[in-house]
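>>> everything below, folded, please.
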Amino acid sequence: MSPYAVSKLTNELYASVFAMHYGMEIIGLRYFNVFGPNQDPNGPYAAAIPLFMNSLLFDKEAVIFGDGNQTRDFTFVENAVQANIRALFTTNQEAYNKVYNVAVGESVSVNQLYETIASISGSKRQPAYAAERKGDIKNSLADISMAKNLLGYEPHYQLREGLEITVAWFRKAFAHA
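Below is the predicted model of the structure:
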């Protein structure tokens, strides 16, 4: 458990109570490491992908916290949009009052992520490593079977394809940076 996970669980408990007491039809969506165009690499909450892209495209140092072997399930933004639309428009009564994982269902290490972005961007720059951050989880992998079965969710974009689209956007958006 992490402070972030506790905040998510609290929201899910509130939704469950409202469904139980007020008969609301609620669908919860748990997003796993969503990335894509328009992410700000300079914002206070910038995630690894925009930070790595900014570093690799503009020859700046990228930092990986920990040994880089921690894993995540990275999800292209178009997959998340699809899940939102499917949840909004579902008429499947069995789908209500449940929480769904929105992801690809694949485990990728932070080192693999960095290497893939470096390959796409054509950069040979190696990352720097820093101490792991307190509260970070070691491994995260989503089970998306319930979203597939009850919402008809099917991720259309795998990691590399989403990264290729995002690198192209970063190149264009920050060409004059």
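>>> roughly how far out does whichever helix or strand residue 114 is part of sit from the chain middle?
In this assignment (DSSP states H and E), residue 114 forms part of helix 110-121. Chain-centre distance of helix 110-121: 16 Å, with CA atoms, centre = their mean, to the nearest Å.
>>> touching the following helix or strand past it from outside, list them.
Next along the chain after helix 110-121, taking DSSP H and E as the criterion, comes strand 128-130. When contacts are defined by CB atoms under 8 Å, 6 or more residues apart in numbering, strand 128-130 is touched by residues 61, 62, 63, 64, 65, 66, 67, 68. Heads up, the C-betas are built off the backbone N, CA and C, glycines and all.
>>> out of those residues, who's the most crowded?
residue 64 (21 neighbours; other CB atoms under 10 Å).
>>> and that one, which helix or strand is it part of?
Element membership of residue 64 [criterion: DSSP H and E] is strand 63-65.
>>> residue 69 touches residue 111, doesn't it?
Yes - proximity of residue 69 to residue 111 meets the contact threshold set by CB atoms under 8 Å, at 6.4 Å.
>>> surely residue 161 touches residue 76?
Yes - with contacts counted by CB under 8 Å, residue 161 reaches residue 76, the gap being 7.2 Å.
>>> what's the farthest-apart pair in the contacts of strand 128-130?
By the measure CB to CB, 61 and 67 form the most distant pair in the contacts of strand 128-130, at 17.3 Å.
>>> residue 29 - that's part of a helix, no?
No - Residue 29 is assigned strand when assessed by DSSP: H, G, I helix; E, B strand; the rest coil, not a helix.
>>> output the lowest mean pLDDT helix or strand found in the protein.
helix 3-22 (a mean of 86; mean pLDDT, DSSP states H and E).
>>> where in the protein is pLDDT low?
Low-confidence segments of the chain (pLDDT under 70): 1, 176-177.
>>> how close does the residue positioned nearest the centre of the chain sit to residue 107?
For the chain, residue 33 is the residue whose C-alpha lies nearest the centre (CA atoms, centre = their mean; 1.5 Å). From residue 33 across to residue 107, the span is 11 Å (CB to CB, to the nearest Å).
>>> what residues are shared contacts of those two?
Common neighbours of residue 33 and residue 107 (criterion: CB under 8 Å, 6+ apart): 72, 73, 140.
>>> ranking those residues by neighbours, who comes first?
With neighbours taken as other CB under 10 Å, the top of these is residue 72, carrying 23 neighbours.
>>> phi, psi for that one please.
phi -140, psi 160 (degrees, to the nearest 10).
>>> any idea what it is bridged to?
Note on residue 72: beta-bridge partners by DSSP bridges are residue 108.
>>> so who does it touch?
So residue 72 contacts 32, 33, 107, 108, 110, 113, 140 (CB under 8 Å, 6+ apart).
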